[in-house]
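> give me the fold of what follows.
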Amino acid sequence: MDRSDILNQIRSWPQSELAQKRNARAERLYRFLLERQSDQPDALQTLATFNALNSEPDPELALRRFGLKIERRCLPQITDASKGLMRFVLDQGPHEKVLGVMQPSARAAQPVPLSEIRVILVPGVMFCQKTGGRIGRGKGFYDRILAEVPHALKIGVCFDVQLIEELELRGHDQKVDVVITETQILKWL
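Below is the predicted model:
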């Protein structure tokens, strides 16, 4: 199975099935983050998340519906699409659509130093269920960021169908520490 096969399979789900899977994954993510916060009270001080595309699980369900207490919530902001560059900025002010995803407007963006981010929720197309390896959409936006934050807990957010038994990674591809789907939590801490 390749990227397009997985994305097409997700896109073929009826809206009710997609909503059910998103809700189940959201509850699992919420419980994981809540446990993390109770073990380490400052663990969610600065959390980086993402605005989901239609084919991705939506972390907002866990963050907003369940009301996790997060001091600083940030989102990716594409700074140079041609080079696959992005940064994280505080989630505030107006938003604009860039490459099909809503992100904080460049005019109102307040950058967050990567050294301050404790947890990063990471989208992807495929994740290796044995190693935490991750393949994204092919531009390298998250690979570049993940390489710069060895201190942060990296949580892959996906559906079960996106878990692959073996995944060949290239030199720039980064791994995550945890993957959370609608039915399971896999850890490589």
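> for stretch 133-148, measure first residue to last.
Using Cα to Cα, to the nearest Å, the end-to-end distance of stretch 133-148 comes to 16 Å.
> so what touches that stretch?
The contact list for stretch 133-148 (Cβ atoms under 8 Å, 6 or more residues apart in numbering) reads 3, 76, 78, 81, 84-86, 88, 114, 120, 122-128, 154, 156, 167, 169, 172-176. C-beta: built from backbone N, CA, C; applies to glycine.
> of all the residues in that stretch, which ones are buried?
For stretch 133-148, the neighbour count (16 or more other Cβ atoms under 10 Å) marks 133-137, 139-143, 145-146 as buried.
> now the spatially most central residue of the chain: how far from residue 174?
In the chain, the C-alpha nearest the mean C-alpha coordinate belongs to residue 122, at 2.2 Å (Cα atoms, centre = their mean). Distance, residue 122 to residue 174, using Cβ to Cβ, to the nearest Å: 9 Å.
> please enumerate the strands of this protein.
For the chain, the strands defined by DSSP state E cover 46-48, 72-80, 85-90, 95-98, 101-104, 119-122, 126-128, 134-135, 153-157, 163-164, 178-180, 185-187.
> please tell me the pLDDT value assigned to the most far-flung residue of the chain relative to its centre.
What lies farthest from the middle of the chain is residue 107; by Cα atoms, centre = their mean that is 24.0 Å. For residue 107, the pLDDT comes out at 79.
> if I look at residue 127, how far off is residue 160?
10 Å.
> so for the two, which sits in the more crowded spot?
Legend: neighbour count by other Cβ atoms under 10 Å for residue 127 and residue 160, higher for residue 127 (25 against 13).
> so what's that one up against?
Counting by Cβ under 8 Å, 6+ apart, residue 127 makes contact with 133-135, 156, 158, 162-164, 167, 176, 179.
> switch to 10 Å and redo it
By Cβ atoms under 10 Å, 6 or more residues apart in numbering, residue 127 lies in contact with 133-135, 156-159, 162-164, 167, 175-176, 179, 181, 186.
> quick check: of those residues, which lies closest to residue 99?
The closest of those to residue 99 turns out to be residue 135 (Cβ to Cβ; 17.7 Å).
> what pairs with that closest one across the strands?
Beta-bridge partners for residue 135, by DSSP bridges, are residue 126.
> mind checking pLDDT for it?
90.
> with residue 65 instead?
Residue 65 carries a pLDDT score of 69 in this model.
> about what we covered before: can you pull up the bridge partners for the residue nearest to the centre of the chain?
Going by DSSP bridges, residue 122 forms beta bridges with residue 156.
> from here on, call the first residue 466.
Renumbered: residue one is now 466, and that last one reads residue 587.
> which pLDDT value belongs to it?
pLDDT recorded at residue 587 is 95.
> and residue 569, by the same measure?
Note on residue 569: pLDDT of 84.
> thanks a lot, catch you later.
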